[in-house]
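> Please find the sequence and the predicted model below.
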Amino acid sequence: MTRSPHRPLGHRVATFALGVLALLIVTLPATRAVAVSSEAQRCIQCHSFISKGIIAQWEKSKHSQNDVDCYTCHQADPDDVDAWQHEGFTISVIVSPKDCSGCHDQEFNEQKGSHHAKAGQILGSLDNLLGEVVGGEAAVNASCRQCHGAQVKIDSRGRPTTDTWPNTGMGRMNPDGSWGACSACHARHEFSARQARQPEACGKCHLGPDHPQIEIWNESKHGILYHANREDLNLDASPWRAGQEYFTGPTCSSCHMSAAGNQPVTHDVGERISWTLRPPVSVKLNMVIYDDDTKDDINGDSPALPKVGEMAKTKKGEMKKVKAVLPWEERRARMQNVCDQCHAHSFVEGAYAQFDDVVYLYNEKFAEPAKAIMGELKQRGKITKADFDEPIEWTWWEIWHHEGRRARHGASMFGPDYVWWHGIYEVAKHFYMEFIPEVKEVAGDKLAKELLDKYVYSQPGHQWYRDGMSKDQLKKVQEFYQKRYQQ
Amino acid sequence: MTRSPHRPLGHRVATFALGVLALLIVTLPATRAVAVSSEAQRCIQCHSFISKGIIAQWEKSKHSQNDVDCYTCHQADPDDVDAWQHEGFTISVIVSPKDCSGCHDQEFNEQKGSHHAKAGQILGSLDNLLGEVVGGEAAVNASCRQCHGAQVKIDSRGRPTTDTWPNTGMGRMNPDGSWGACSACHARHEFSARQARQPEACGKCHLGPDHPQIEIWNESKHGILYHANREDLNLDASPWRAGQEYFTGPTCSSCHMSAAGNQPVTHDVGERISWTLRPPVSVKLNMVIYDDDTKDDINGDSPALPKVGEMAKTKKGEMKKVKAVLPWEERRARMQNVCDQCHAHSFVEGAYAQFDDVVYLYNEKFAEPAKAIMGELKQRGKITKADFDEPIEWTWWEIWHHEGRRARHGASMFGPDYVWWHGIYEVAKHFYMEFIPEVKEVAGDKLAKELLDKYVYSQPGHQWYRDGMSKDQLKKVQEFYQKRYQQ
Amino acid sequence: MTRSPHRPLGHRVATFALGVLALLIVTLPATRAVAVSSEAQRCIQCHSFISKGIIAQWEKSKHSQNDVDCYTCHQADPDDVDAWQHEGFTISVIVSPKDCSGCHDQEFNEQKGSHHAKAGQILGSLDNLLGEVVGGEAAVNASCRQCHGAQVKIDSRGRPTTDTWPNTGMGRMNPDGSWGACSACHARHEFSARQARQPEACGKCHLGPDHPQIEIWNESKHGILYHANREDLNLDASPWRAGQEYFTGPTCSSCHMSAAGNQPVTHDVGERISWTLRPPVSVKLNMVIYDDDTKDDINGDSPALPKVGEMAKTKKGEMKKVKAVLPWEERRARMQNVCDQCHAHSFVEGAYAQFDDVVYLYNEKFAEPAKAIMGELKQRGKITKADFDEPIEWTWWEIWHHEGRRARHGASMFGPDYVWWHGIYEVAKHFYMEFIPEVKEVAGDKLAKELLDKYVYSQPGHQWYRDGMSKDQLKKVQEFYQKRYQQ
């Protein structure tokens, strides 16, 4: 993926190439001799004593073996908003994706239209309201923005402010206008593929009550086999293809990003995703890629999609030329192509059928009725327009944002405990034991009956709750307990 | 454990032995040359390109080194309900324990009477009611049945249906009538002992809010030492005995299944278990083994047990000859024999005393009173006969099925955080703050007082809640906080 | 750290040195020949057959390589309260820190004044009240005391009682009067530094709902890099310095205990800690070290501190000479000196600024108001003096003891999920949805209004809850959802 040096370079690297006349061989604290620029020698002179770990990390990196040193990445134009003078050099603290694109332009282009790059754009969301209003700015800086990315502010000295830095959020809004942080996954200062291919890299953000992907993967057969066979995973290989360079224990990267079969690696982690499992009600995702590598997701099973080559209006309202269109079926096919490397295709189809069925169950039995009722309650003034000031709002929020996502993510990655105990079990328990009683409380008996009859009891799957279980069902349960526990 | 080839083989393997005339040496995509049947050569011809990971996994396996190939396991009789024609061969997708028993009959016989094999028999249980009625069929397929095992259905083409396959549930009900899935632990297509000995293999199912064994083990000294010394665990050894082939960091398998001292490996994971920690109230377990290797658990500290050699009525009402009887003391002795490999026996006895005490505390202080009260409430018509339609039913369910199990499992494996914070703390908090108030609500003041006086306040350990704490207790708490936090 | 043999030894080791005339070379079950005393030969004769794992662990240890054998550590004076006769030898089961101090006196002295050593002193705390009264003694033995340490009781035969042993609690109160258990971290019978440096060692106790340090570290970049690079961590090195012997993935020990730069290792884990994050409201910690190596923590940003060399009154009221004083700034400087090994100092300062801000947010917005209100409610008789018999007491307890700690610990170690979802999110949700309604319930409308106006609504950060959100805020949320989810 690394570009060869004769291809055009980004501005910092270009400046560097012109400016540096001599690469000298220096002996670093460790044993290997590497070529570094005269500027970087100055960096190393001090930083081998202070923050010596940085030097050791870099020395182990592919960068050090390929003449990429401190100054290559940290040098700045004096006009850069985050440029400052340090020991006679004009540098900046933050190395942005745009800086990295000097050598890694393909990865940059793939990443820049991805959901990852946009992760900082959550201003105005309920998450953000919760964070800033219900919680507080300090919590947002140390939590939300550590994954989503901060808008990095620069102080009068050209340095990032302490509230916005350190920050390696995936959608960090950098001083140069680019979005993202390569070091979110490829940690400083080794920046290796090996490390980013390991599941923990993704687990920094994809975890917890609202999107526990790492926990689900860990309990899945994929995770089990990874932990059992990690030593054999050949994590340094290039390319690194499931079924070829390794053949067990796929990681997050294996399925969502890495090469497999004839499919190349991609730095758009959403490319192979056909459902969105984040919103209150899940929908299929179709991708439109414009000629500047920006992208839009179009929702739906078979929406109208623009054609390749034509001009189309983006979600932001601009007219752009369409470079590629990936309907959800194509995105799914790409994912399944990874699965196929180690599974019979009928197995893969079965797995997807079970996954789809859980999404439909969640959508139809719980999410759509609850969403409709919440809309009616708000519209009729039974709850305030503000979110989170009434218990039913927290209940519904956790049903879709936490529990319902856990069920859906659990099904997508084959973590049975998450599908059920952390997922549908919680959804159902809170739907019946909290949501419905709270509807009755805020709506009053008459309206509650009307809403529940319309949206809930119209489904056979909910009637047990209103009408009780059948005698047969009750008898079966009783007999089972007699037999199993003799109590 | 693998049978030598001259012993009688299961039907598929026998057929194979007659039918295959030539074993040819073929060169696989990787470097090692292995002997494969002519049929399997055809499999490999295609599957080295599609689903190539399977071939690589198998090539690494002991199977490939011992002339067991694709066709050995997947060939089928045309009469098999799940037989279908694939590229000129009669095969089946599912390889059942019965198929594996052709070579591994001892393991099959140990497994077939175990709780593992019966894990799919939960129809009629509250778990199942919850899953199917409160949740929904799709969730059951992707969760409960992924561990417990599905009743695999076969479509008109002889292939398993997508709702019941993929499935590697431990008690899977296979088309050939056998129960279980060897690949639940020995993952496809390497099927190694090494992998199944690692804790993650068990953790796929033994985790989560209702039986967090993997989490408990992870926090125990056993887990700590495993993670610290995994490289030295000699996981490929045969035999693999605690204190001999390895001497630190025992895994789930070490204690529940693997050889230790003069004790052989067993594939009945329940053999060394003397308490059942699953039901509302824990009881001791005594095992009766019949001459067809089926088993019954008889509850109690000293129940009447049949004698070896006599005919006895099984729980299902059949008459069978008794092959062996393991009273709970013998089951415990077998487990303690494992402990003894690395601990002084007095240490082991102390550990068991602490474990037993937690079970008795849970049983007597919380579970028996709550169970009795729930029984009375149902009998007197204060709650409906249906489960899960009233809050108190969820409260009691989570007290015994989730929190009380966590405490008991925590004590059994020395995970202090689970004994307390995820266990007795939750039990007590919900007993006092939810269960008792809910009893008052559904029973009314008069009956509630009667029930609580009879079952709860008759125990000194509950009186603080009704009568308040003593002045001495209050003073101690106050002084402590003054001193510790100066606030 | 190990003392050289010519320095004065503790009593057991001294006795041993005089009493043992011959060290013989014996061949152990494994291949390496080591020198053992004639007494230990007798131990090994039996224990190579029973509890053979112990012998193998010891044989792998540095102890076996340095003439420290079974008898060196387990021999006892006949007058010791826990001495008993075993096969002709006077031994004791428990090897206490005082015993270990015969060779490791520096470590012993560092440890003996630490919070670790005092971890058993929780009698009278709310934790203990909860454990013993609300839970039960059996649960306390198998949980609280397994981390905090039991008061080990000795039976009439000189053996520890089963309720107090096994126990490797960090603040175990040993029969010889010493506090602690070296084997809490350096597990029997290898007692290695390598194992204790790994994060799981600390995770046995520093986990769970009330202090999830291991979970936080695991999700932090530090944990991610540890798991990615564990093989390169050089865990056996001596010294073992961040940025030198290893340069990625620091463990708990790296930051809190191990050497770094010119800073030596310490066995007082609190030395580099500048905030206490445990109490309801966090405060800075200043350490006074007396000349007998006992220590006091003095709370506050700039409290009056004694001077080195002068006599000062300890918290217990004794007069002792002051050996050293570490104001919170010095403790923080020591921690930051570790950070500096791998980070630019401005990065470290930013990280601390973000951490501090979360602590202030928690303290000021939530903890101080709730604490003040709870004090008023108790003082005015609106709640009983007993804790835990009213819902609001559980609510407040979990806010500070569980959720508020999680937020603060999360911020201290850069685990964003813990800062927010397990931390401030839970704090805020329970503050608004449980605490405030419960205040209204127990105080009545009038007093509740008075208390809430005084302590809560006096802060702008809470006014959204009383007054609703602004139209602007509401509009932003609505627009976001339109755009993001098209629903």
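Received, thanks.
> mind checking pLDDT for the residue of the stretch 251-400 of chain A found nearest chain B?
Chain B sits closest to A:C342 of the stretch 251-400 of chain A, with a gap of 3.1 Å, by Cβ to the nearest Cβ. The way it works is simple: take the backbone N, C-alpha and C, and place the C-beta from them, glycine included. Residue-level confidence at A:C342 comes out at 97, pLDDT.
> Phi and psi next, for it.
Recorded main-chain torsions at A:C342 are phi -130, psi 0, according to degrees, to the nearest 10.
> which residue sits closest to it, ignoring its sequence neighbours?
Spatial nearest neighbour of A:C342, chain neighbours left out: B:G53 (3.1 Å); criterion: Cβ to Cβ, 6 or more residues apart in numbering or on different chains.
> which bits of the stretch 251-400 of chain A sit near chain B?
Applying Cβ under 8 Å from any Cβ of the partner chain, we find that the stretch 251-400 of chain A lies next to chain B at A:340-347, A:349-351, A:353-355, A:357-358, A:360-361, A:365.
> Now A:P175: closest residue in space, sequence neighbours ignored.
Nearest residue to A:P175, sequence neighbours excluded (Cβ to Cβ, 6+ apart): A:D82, at 4.2 Å.
> show me what contacts the one you found?
Shown in contact with A:D82 (Cβ atoms under 8 Å, 6 or more residues apart in numbering or on different chains): A:76, A:92-94, A:152, A:154, A:158-160, A:175-176.
> pretty sure A:K321 contacts A:D291?
Yes: using Cβ atoms under 8 Å, A:K321 makes contact with A:D291 at a distance of 4.4 Å.
> pLDDT averaged over stretch A:373-384 - what is it?
Stretch A:373-384 carries an average pLDDT of 96.
> likewise stretch A:251-265?
Per-residue pLDDT values over stretch A:251-265 give a mean of 96.
> C-alpha coordinates for it, PDB please?
The C-alpha coordinates for stretch A:251-265 follow below in PDB (Å, rounded to 0.1, in the frame of the first residue of the first chain):
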ATOM      1  CA  THR A 251      -9.800 -10.300  13.400                       C
ATOM      2  CA  CYS A 252     -12.000  -7.200  12.900                       C
ATOM      3  CA  SER A 253      -9.600  -6.200  10.200                       C
ATOM      4  CA  SER A 254      -9.700  -9.600   8.400                       C
ATOM      5  CA  CYS A 255     -13.400  -9.200   7.600                       C
ATOM      6  CA  HIS A 256     -13.900  -5.400   7.400                       C
ATOM      7  CA  MET A 257     -10.700  -4.200   5.800                       C
ATOM      8  CA  SER A 258      -8.000  -6.700   4.900                       C
ATOM      9  CA  ALA A 259      -7.400  -8.400   1.600                       C
ATOM     10  CA  ALA A 260      -9.100 -11.700   0.900                       C
ATOM     11  CA  GLY A 261      -9.300 -13.800  -2.200                       C
ATOM     12  CA  ASN A 262      -8.900 -11.300  -5.100                       C
ATOM     13  CA  GLN A 263     -10.400  -8.500  -3.000                       C
ATOM     14  CA  PRO A 264      -7.900  -5.800  -2.000                       C
ATOM     15  CA  VAL A 265      -7.500  -4.200   1.400                       C
END
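> Return the residues of the stretch 301-450 of chain A in contact with chain C.
Going by Cβ under 8 Å from any Cβ, the residues of the stretch 301-450 of chain A near chain C are A:315, A:384-389, A:391, A:394.
> can you give me the strands for the stretch 1-150 of chain A?
In the stretch 1-150 of chain A, strands defined by DSSP state E, counting those that start in this stretch lie at A:23-27, A:33-37, A:84-86, A:89-91, listed in chain order.
> follow-up on the earlier one: just flag the most distant two among the contacts of A:D82.
By the measure Cβ to Cβ, A:R159 and A:D176 form the most distant pair in those, at 15.0 Å.
> what residues are up against the residue of the stretch 251-400 of chain A closest to chain B?
A:242-243, A:247-248, A:250, B:51-54, B:57.
> Switch the residues you listed over to a markdown table; also include distance to A:N234.
Shown next, in a markdown table, are the contacts of A:C342 (distance: Cβ to Cβ, whole Å):
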| residue | distance to A:N234 |
| --- | --- |
| A:A242 | 11 |
| A:G243 | 12 |
| A:F247 | 9 |
| A:T248 | 11 |
| A:P250 | 12 |
| B:S51 | 19 |
| B:K52 | 15 |
| B:G53 | 13 |
| B:I54 | 18 |
| B:Q57 | 14 |
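> And the next helix or strand past the top helix by length along chain A?
Criterion DSSP state H: the longest helix present in chain A is helix A:436-455. For helix A:436-455, the following helix or strand on the C-terminal side (DSSP states H and E) is helix A:463-467.
> one step back: and the residue nearest to A:C342, what pLDDT?
Looking at B:G53, its pLDDT is 96.
> burial of it, as a residue count?
Applying other Cβ atoms under 10 Å in any protein chain shown, we find 24 residues neighbouring B:G53.
> A:D340 versus A:A333, what's the distance?
Counting by Cβ to Cβ, to the nearest Å, the gap from A:A333 to A:D340 is 10 Å.
> same question, A:T164
44 Å.
> and what of A:L233?
Distance from A:L233 to A:D340, by Cβ to Cβ: 19 Å.
> circling back to that earlier point, more neighbours: which of A:A333 and A:D340?
Higher neighbour count among A:A333 and A:D340: A:D340, with 21 against 15, using other Cβ under 10 Å.
> The more buried one and B:I50 touch, don't they?
Yes: contact criterion Cβ under 8 Å: A:D340 and B:I50 qualify, at 6.3 Å.
> Pull the residues that contact stretch A:300-312.
For stretch A:300-312, contacts defined as Cβ under 8 Å, 6+ apart pick out A:283-284, A:286, A:288, A:290, A:298, A:319-325, A:327-328.
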